[in-house]
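Enquirer: Give the three-dimensional model of this entry:
(one chain, ligands or ions: 2)
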Amino acid sequence: MPRIQLDYSLYLVTGREFLPPGKDYYESLEESLQGGVTLVQVREKDADTGEFIEVARRTKQICDKYNVPVLINDRIDVHLAVGTAGIHIGQTDCPLPLARTLIGPDAIIGLSVRNTDECKRAIEQGADYIGIGSVWPTGSKDIKGRKCLGPDGTGEILDLLDGTGIQAVAIGGIHLPNLPQLLHGSISPKTSNALDGVAVISDIVASHQPRKASEALREIIDSFKRARKGLEGHKGLFGSTSSVSGGLSREYLVEKVQGLMRVLEQETPLINQLTNKVVMNDSANVTLAVGASPIMSTNPRDVYDLSPAIGACLINFGTVDDKEGMKVAGRQANVNRKPLVFDPVAVGATSYRRETAEELLAHWQPTIIKGNAAEIGAMAESTEVASRGVDAAGAGFKDPGAIVRALAKKRAAIIVLTGPEDYISDGHTVLKVSNGSHFLEKITGSGCQAGTLIACFAAASRSYYLNENEPFEDDSQLVQGDMLIAALAGILIYTIASEVAADRPDVKGPGTFRSALIDELYNLTPEVVQQRARVEIL
Ligand SMILES: Cc1ncc(COP(=O)(O)OP(=O)(O)O)c(N)n1
Ligand SMILES: Cc1ncsc1CCOP(=O)(O)O
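Expert: Ligands and ions are numbered 1, 2, ... in the order given. Model (predicted):
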């Protein structure tokens with residue numbers, strides 16, 4: 001007889017030591033069950049056997065009221081004494097085959113997995129589910145300096161499970177702000193296998209309001225799972241994010257970009273830009289010139305309040321200010337499902353910038369990442385192109401298309417590589433844009449302005465989607481709308497306007513070019529885009 005199927009969506013691992021002062025364990029447990037916890041593991045690291053059995057017995061009594069199964073951490077004797085649904089064991093606990101003999105064929109056995117080798121063994125030994133971790137640093141367990149897996153490392157393990165029927169949860173450092181990034185970012189690149197749930201201790205147990213904490217996590221997990229159901233059979237990485245997979249042509253792409261130009265003018269979306277001091281004024285002006293509305297808010301409370309009202313958010317860390325504001329703005333963009341454009345300026349130039357980028361990326365999931373060759377190289381951990389200040393040094397990548405495609409897959413985001421030619425990828429399709437003017441290299445912040453315009457068109461693409469469809473009709477993506485087209489639109493509009501500006505007789509050098517560029521962005525028509533766009537599908 002097959003073992004019972006558990007719902008792994010929101011898996012609470014208990015930890016009485018992490019309760020807020022004065023909070024009763026059983027009260028906290030009951031509140032978390034009311035908030036939507038679907039499975040509970042009793043984890044007692046300091047209790048003696050009698051106490052463990054008593055805690056597990058009362059835990060099971062409460063969980064039974066909510067029809068939520070209970071598993072026991074490590075201890076087969078406690079499981080047998082209390083009659084729970086099964087056990088969770090680690091790599092140094094009782095070996096799985098022996099545990100199976102001891103607890104019989106019907107009980108669930110979960111195994112901790114920290115790498116692909118351990119996963120292969122878990123498959124061979126017949127685990128019912130695996131706990132993949134630690135995804136991020138955690139204060140709830142000593143992970144002995146081991147490297148955290150992150151969403152992409154989690155995805156590599158998920159790849160191996162495809163077709164095995166073994167369920168998987170992730171564990172370690174999972175909290176509301178990084179949950180969307182984990183769920184979407186761990187979808188395995190090769191097989192599209194995804195997590196069945198997440199296991200958490202502190203996000204629920206350490207909360208004064210475990211019911212609310214659980215409800216908030218469940219909302220995100222349920223929406224992700226609904227989306228996956230809608231996508232059954234689909235093997236692409238991005239589902240509906242990009243609609244261009246079939247029948248792709250220059251004409252199709254340009255027509256879509258023209259459509260977004262009209263949407264932008266009609267909708268005037270608000271674009272919040274946490275950007276650097278050097279470019280702030282020009283970025284606000286290019287935003288206005290294409291028909292969007294700029295706001296340059298950085299205060300954490302302010303960006304939180306603004307998030308529901310904006311069309312998109314840009315985070316550009318050129319002067320690495322306002323890190324707290326960037327964390328909150330990006331997190332709220334994810335929570336409110338707004339496009340988030342990340343411009344990691346000079347990320348490869350210093351260790352501080354690299355660490356800051358990683359810190360930010362642990363807080364939120366970008367929709368689009370834009371950078372020059374040095375920045376994209378640093379993000380892709382490639383040494384082909386070095387940084388020189390905020391610029392890239394050297395000739396560039398041998399195969400830029402392969403770089404952007406691989407990074408898009410790794411980061412589960414659209415990647416835009418700017419340079420003499422621009423490359424854009426969603427992990428499948430690679431587009432190359434050959435428009436632009438040499439003057440763009442002679443003014444400060446041209447890359448930053450391109451990022452701003454990508455954010456404007458990302459907002460337009462989302463609006464277009466929501467106007468055409470029932471709200472969240474296709475819930476498959478964190479952000480709705482065609483973000484590959486949005487990135488293409490931002491790049492095309494900017495580079496074509498730069499060509500038109502550079503051709504003007506009154507443009508004598510970078511100073512006059514800078515003003516002319518804003519004028520030409522303002523005056524650019526869909527017809528000129530049609531005539532000038534040099535887009536190739538690689
Ligand atoms: C769901 C889940 N995944 C992993 C673990 C970690 O288990 P283990 O490696 O045995 O470490 P301890 O929990 O025993 O410290 C888990 N408990 N649950
Ligand atoms: C038990 C365990 N195993 C790997 S990480 C971890 C702790 C998870 O706790 P938290 O959800 O508080 O990070």
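
Enquirer: mind giving me the domain ranges of the protein?
Expert: As recorded under automatic domain parsing, the domains making up the chain are 10-230, 242-537.

Enquirer: secondary structure class for Ala486?
Expert: Under DSSP: H, G, I helix; E, B strand; the rest coil, the three-state class of Ala486 is helix.

Enquirer: can you put the domains of the chain in JSON lines and add mean pLDDT and distance to ligand 1?
Expert: (Each C-beta comes from the backbone N, C-alpha and C, glycine too.) Below are the domains of the chain laid out as JSON lines (pLDDT from 0 to 100; distance: least, Cβ to the nearest ligand atom, whole Å):
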{"stretch": "domain 10-230", "mean pLDDT": "94", "distance to ligand 1": "2"}
{"stretch": "domain 242-537", "mean pLDDT": "90", "distance to ligand 1": "19"}
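
Enquirer: Can you add mean neighbour count and give these back as a markdown table?
Expert: What follows is those, written out as a markdown table (neighbours: other Cβ atoms under 10 Å):
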| stretch | mean neighbour count |
| --- | --- |
| domain 10-230 | 19 |
| domain 242-537 | 21 |
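
Enquirer: out of those domains, nearest to Arg3?
Expert: When the domains of the chain are compared by Cβ to Cβ, domain 10-230 sits nearest Arg3, at 5.8 Å.

Enquirer: SS state for the closest residue to Phe457 other than its chain neighbours?
Expert: Excluding its sequence neighbours, the residue lying closest to Phe457 (Cβ to Cβ, 6 or more residues apart in numbering) is Ala489, at 3.9 Å. Look at Ala489: counting by three-state DSSP, its state is helix.

Enquirer: Against Val433, how distant is Ala489?
Expert: From Ala489 over to Val433 the distance is 10 Å, taken as Cβ to Cβ, to the nearest Å.

Enquirer: Report all helices and strands that the longest helix anywhere in the chain contacts.
Expert: The single longest helix within the chain, with elements called by DSSP state H, is helix 446-468. In terms of contacts (3 or more Cβ pairs under 8 Å, 6 or more residues apart in numbering; DSSP states H and E), helix 446-468 is packed against helix 250-267, strand 270-274, helix 280-289, strand 312-316, strand 340-343, strand 368-371, helix 483-503.

Enquirer: could you dump these to TSV with distance to Ala408?
Expert: Supplementary listing: the helices and strands packed on helix 446-468 in TSV, determined by distance: least, Cβ to Cβ, whole Å:
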stretch	distance to Ala408
helix 250-267	17
strand 270-274	23
helix 280-289	24
strand 312-316	18
strand 340-343	13
strand 368-371	8
helix 483-503	9
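
Enquirer: between those, which gets nearest to Lys141?
Expert: strand 340-343 (30.0 Å).

Enquirer: Sheet-wise, list the partners of the closest one with their directions.
Expert: Strand 340-343 sits in its sheet next to strand 312-316 (parallel), strand 368-371 (parallel), going by DSSP bridges.

Enquirer: May I have the predicted confidence score for Leu231?
Expert: You'll see Leu231 listed with a pLDDT of 42.

Enquirer: what would the strands paired with strand 340-343 look like in JSON lines with distance to ligand 2?
Expert: Formatted as JSON lines, the strands paired with strand 340-343 follow (distance: least, Cβ to the nearest ligand atom, whole Å):
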{"stretch": "strand 312-316", "distance to ligand 2": "25"}
{"stretch": "strand 368-371", "distance to ligand 2": "26"}
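
Enquirer: re the thing from before, let me have the domains of the chain in TSV, extended by distance to Ile4.
Expert: Putting those into TSV (distance: least, Cβ to Cβ, whole Å) gives the following:
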stretch	distance to Ile4
domain 10-230	7
domain 242-537	28
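
Enquirer: quick one on the thing from earlier: got the contact list for the residue nearest to Phe457?
Expert: Each residue near Ala489 by Cβ atoms under 8 Å, 6 or more residues apart in numbering is listed here: 256-257, 260-261, 453-454, 457, 460-461.

Enquirer: and the nearest residue to Ile537 once chain neighbours are set aside, which of the three is it?
Expert: In space, Ile537 comes closest to Leu248 once its chain neighbours are excluded; the distance is 5.3 Å by Cβ to Cβ, 6+ apart. With three-state DSSP as the basis, Leu248 sits in coil.

Enquirer: Would you mind measuring from Leu492 to Gly419?
Expert: Leu492 sits 15 Å away from Gly419, going by Cβ to Cβ.

Enquirer: What angle do strand 270-274 and the longest helix of the chain make with each other?
Expert: Between helix 446-468 and strand 270-274, the angle formed by their directions is 150 degrees, by axes from the mean of the first three to the mean of the last three Cα atoms, to 10 degrees.

Enquirer: Please write out the alpha-carbon positions of helix 446-468 in CSV.
Expert: Taking C-alpha atoms only, helix 446-468 is exported to CSV below (Å, rounded to 0.1, in the frame of the first residue of the first chain):
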residue,chain,number,x,y,z
SER,A,446,24.0,56.3,-20.1
GLY,A,447,23.8,52.7,-18.8
CYS,A,448,21.8,54.0,-15.8
GLN,A,449,19.4,55.8,-18.0
ALA,A,450,18.9,52.6,-20.1
GLY,A,451,18.1,50.8,-16.8
THR,A,452,15.5,53.5,-16.0
LEU,A,453,13.9,53.0,-19.4
ILE,A,454,13.8,49.3,-19.0
ALA,A,455,11.9,49.8,-15.7
CYS,A,456,9.5,52.2,-17.5
PHE,A,457,8.7,49.6,-20.1
ALA,A,458,8.5,46.8,-17.6
ALA,A,459,5.7,48.8,-15.9
ALA,A,460,4.1,49.3,-19.3
SER,A,461,4.3,45.6,-20.1
ARG,A,462,2.7,44.7,-16.8
SER,A,463,-0.1,47.2,-17.3
TYR,A,464,-0.7,45.9,-20.8
TYR,A,465,-1.0,42.4,-19.5
LEU,A,466,-3.4,43.3,-16.7
ASN,A,467,-5.5,45.4,-19.1
GLU,A,468,-5.8,42.4,-21.4
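
Enquirer: What are the neighbouring residues in contact with His208?
Expert: His208 neighbours (Cβ under 8 Å, 6+ apart): 20, 23.

Enquirer: 10 Å instead?
Expert: 19-23, 28, 31 (Cβ atoms under 10 Å, 6 or more residues apart in numbering).

Enquirer: ok, now which ones touch Ala413?
Expert: Ala413 touches 181, 184-185, 238, 241, 340-342, 361, 365-370, 379, 407, 425-427, 478-479, 483, 487, counting by Cβ under 10 Å, 6+ apart.

Enquirer: redo that, cut-off 8 Å
Expert: Ala413 neighbours (Cβ under 8 Å, 6+ apart): 342, 365-369.

Enquirer: What separation do you get for Arg218 and Gln530?
Expert: Arg218 is 47 Å from Gln530, by Cβ to Cβ.

Enquirer: again, but for Arg514
Expert: 26 Å.

Enquirer: And the residue of the stretch 251-400 of the chain closest to ligand 2?
Expert: Of all residues in the stretch 251-400 of the chain, the one sitting closest to ligand 2 is Ala362 (12.6 Å; Cβ to the nearest ligand atom).

Enquirer: got the end-to-end distance for stretch 109-127?
Expert: 6 Å (Cα to Cα, to the nearest Å).

Enquirer: hmm, who's touching that stretch?
Expert: 41, 71, 86-91, 95-97, 99-100, 103, 128-134, 146, 149, 156-157, 160-161, 164, 166, 171.

Enquirer: I'd say the residue of the stretch 251-400 of the chain closest to ligand 2 and Asn178 touch.
Expert: Yes - counting by Cβ atoms under 8 Å, Ala362 does reach Asn178; the two are 6.0 Å apart.

Enquirer: got any residues that touch both of these two?
Expert: Trp136.

Enquirer: quick revisit: ok, the contacts of Ala413 vs Ile201, which is closest?
Expert: Checking the contacts of Ala413 one by one against Ile201 (Cβ to Cβ), the nearest turns out to be Gln365, at 22.4 Å.
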